[in-house]
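In: Build me a structure from this.
(2 chains)
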Amino acid sequence: MSSEQEAESIRCLVAKVGLDGHDRGAHVIARAFRDAGFEVIYSGLHKAPEEIVQAAVQEDVDVLGISILSGAHDTLVPKIMDGLEEYGAKDDTLVLAGGVIPEEDREGLKDAGVAAIFGPGTSIEETIEFVRENAPQR
Amino acid sequence: MSMDPDDEALLEALLAGEHRALARVISKIENRSPGYRDLVSELYAHTGNADVIGITGSPGAGKSTLVDKLAEEYRDRGETVGVIAIDPSSPFTGGAVLGDRIRMASTVGDMDVFVRSMSARGTLGGLSTATADAVKAMDAFGKDKVIIETVGAGQNEIDIVRTADTVAVLVPPGSGDDIQTLKAGILEIADVFVVNKADRDGADRTVQELREMVHLGEEGGLGGGGHHGAGAMGGGNGRDEVGEGDDSEDGWTPPIVETVATKGTGVETFIDELANHRTYLVDSGTRAEKARQRYAEEIRTLLREDVHAMLEDELAASGGIDDLADAVRRGETDPYSIAGDVLAPVAACVENLETDADADSGTE
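Out: As a prediction, this is how the structure comes out:
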């Protein structure tokens, strides 16, 4: 029937992973995404990579935003990417990273499959714009 | 009904137990993507095995924490669990923060607990339809227990939990004096009451007040206790079986369970009461009756949505609603006349349809 109303919305998982208790940034992003009309699932603190993968798969999110300020991104992010791959979710999930990530690590994360990295000082509008333009069309 | 090959593959993957396929099917249901109806139609053949439990209560009552403990206990007993957690969405932007997952900590890493957050997208009973369809998907996937969790705020939420076989209402201590318990609505739909945070002051009193309310309802009294949930609120369902439905419903008195969800206290008792209610539903035949009412309501909602969508299209085709609204503003006409005009051709069609239906039934 042609008259069905479609009601698509961009779904995002905002994730805090590893031993890192700083979630102010994640809260700000979650709130800003909500106000942009996205559906945001917030993971809560201190999640293991497997938990993030589980949540991303079950919630079928379009966007996974990982916030890391602990410096462990080189270990944690690839684990998450591998987990997504295992469930066939890597290719059509837009993975973003935020937090304190040094310039020299960025190339490696991008090679692992992270689409963009938003460091300190990024404007929220920029992030939202990026998500709108790049969220996978399924 | 013919299915899109992609959807066909998706359905097969779901039935084969692939988590991502289940997640994707629920997304399709939520988005009302093209073809989702055929998909859900196909799901129906594989459903009917799951027990569906609805859990509701005020914000902060401890629903998510209790659901988490419930899922853990079911898993210990070797049963698989699906959870649908519903949170409100912003009426302004449509955005939402779905936070129930944070509390689901006991079962992380266990893919046999499938937690799905949904927001109150859409309008006009759309969410209860989407919830019912998502329940079907989890049922077909093979979940033994499906738990629907939602804030008990209004009619919409009540419609949602009524898609469950058994409804538990969480009442935190100190939820107001006993006049509150007489209020119609949320307390009437309970099959089981849970006084969560039972270690807090005032828990005894809350239990006492609920007990009085339940008794008042039992005596056929004024308040209408929890047991009228399905019978009285069916919304003008079947004409002939109403009396019988009410009678069998009277056989159940909603128990009051005390829990401390954060510590897991009372969860086993809660599960036992849920099981008791299930046994009661099956033995008394109420389960079939409830299912019938639920499907009647689903059919009604679908028809309403479809007709609504058709009319919206029709309106859009004939210049949109804005011009009509402006005509009312200018005092040239009124909403009732417009509704009548718009509906006139539909009414004509429906009359034709009725004669066709008569002809059909004549041949059967």
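In: Verify the stated contact: residue B:13 with residue B:21.
Out: Yes. With contact taken as Cβ atoms under 8 Å, residue B:13 and residue B:21 are classed as touching, separated by 3.5 Å. Backbone N, C-alpha and C define where each C-beta goes, glycine included.
In: more neighbours, those two?
Out: Neighbours per residue, other Cβ atoms under 10 Å in any protein chain shown: of residue B:13 and residue B:21, the larger number sits with residue B:21, 20 against 17.
In: Let's verify the more buried one: helix, strand, or coil?
Out: Of the three states, residue B:21 takes helix according to DSSP: H, G, I helix; E, B strand; the rest coil.
In: Quick one: residues contacting it.
Out: Applying Cβ atoms under 8 Å, 6 or more residues apart in numbering or on different chains, one finds that residue B:21 lies in contact with B:10, B:11, B:13, B:14.
In: pLDDT below threshold where in the chain?
Out: All of this is about chain A. Within chain A, the stretches with pLDDT under 70 are A:1-7, A:138.
In: wait, I meant chain B there
Out: Those would be B:1-2, B:89-94, B:121-126, B:152-156, B:175-186, B:218-250, B:354-364, if you go by pLDDT under 70 across chain B.
In: Which helix runs longest in it?
Out: Secondary structure of chain B per DSSP state H: the longest helix is helix B:286-317.
In: same for that helix, what does it pack against?
Out: Under the contact criterion of 3 or more Cβ pairs under 8 Å, 6 or more residues apart in numbering or on different chains; DSSP states H and E, helix B:286-317 touches helix B:126-141, helix B:229-233, helix B:242-249, helix B:267-284, helix B:335-363.
In: and if we set it to 10 Å?
Out: Secondary-structure packing of helix B:286-317 (3 or more Cβ pairs under 10 Å, 6 or more residues apart in numbering or on different chains; DSSP states H and E): helix B:36-44, helix B:126-141, helix B:229-233, helix B:242-249, helix B:267-284, helix B:321-329, helix B:335-363.
In: ok so, going back, please tell me which one of the contacts of residue B:21 counts the most neighbours.
Out: Neighbour tally across the contacts of residue B:21 (other Cβ under 10 Å): the maximum, 26 neighbours, falls on residue B:14.
In: That one reaches residue B:25, doesn't it?
Out: Yes. The criterion here is Cβ atoms under 10 Å, and residue B:14 meets it with residue B:25 at 5.5 Å.
In: Mind listing the shared neighbours of those two?
Out: B:39, B:43, B:137, B:138, B:140, B:141 (Cβ atoms under 10 Å, 6 or more residues apart in numbering or on different chains).
In: Could you give me the buried positions within the longest helix anywhere in chain A?
Out: Counting by DSSP H, the longest helix found in chain A is helix A:73-86. Neighbour counts over helix A:73-86 (16 or more other Cβ atoms under 10 Å in any protein chain shown) mark A:73, A:76, A:77, A:78, A:79, A:80, A:81, A:83, A:84 as buried.
In: Once you drop chain neighbours, what's closest to residue B:11?
Out: Nearest-residue entry for residue B:11: residue B:42, 5.6 Å, with adjacent residues in sequence omitted and distances by Cβ to Cβ, 6 or more residues apart in numbering or on different chains.
In: Skip the chain neighbours and tell me the closest residue to residue 47.
Out: Chain wasn't specified; assuming chain A. Nearest residue to residue A:47 in three dimensions, chain neighbours excluded: residue A:17, at 5.3 Å (Cβ to Cβ, 6+ apart).
In: try chain B instead
Out: residue B:139 (4.2 Å).
In: which residues does the one you found contact?
Out: Applying Cβ under 10 Å, 6+ apart to residue B:139 gives the contacts B:43, B:44, B:46, B:47, B:48, B:49, B:50, B:51, B:52, B:82, B:146.
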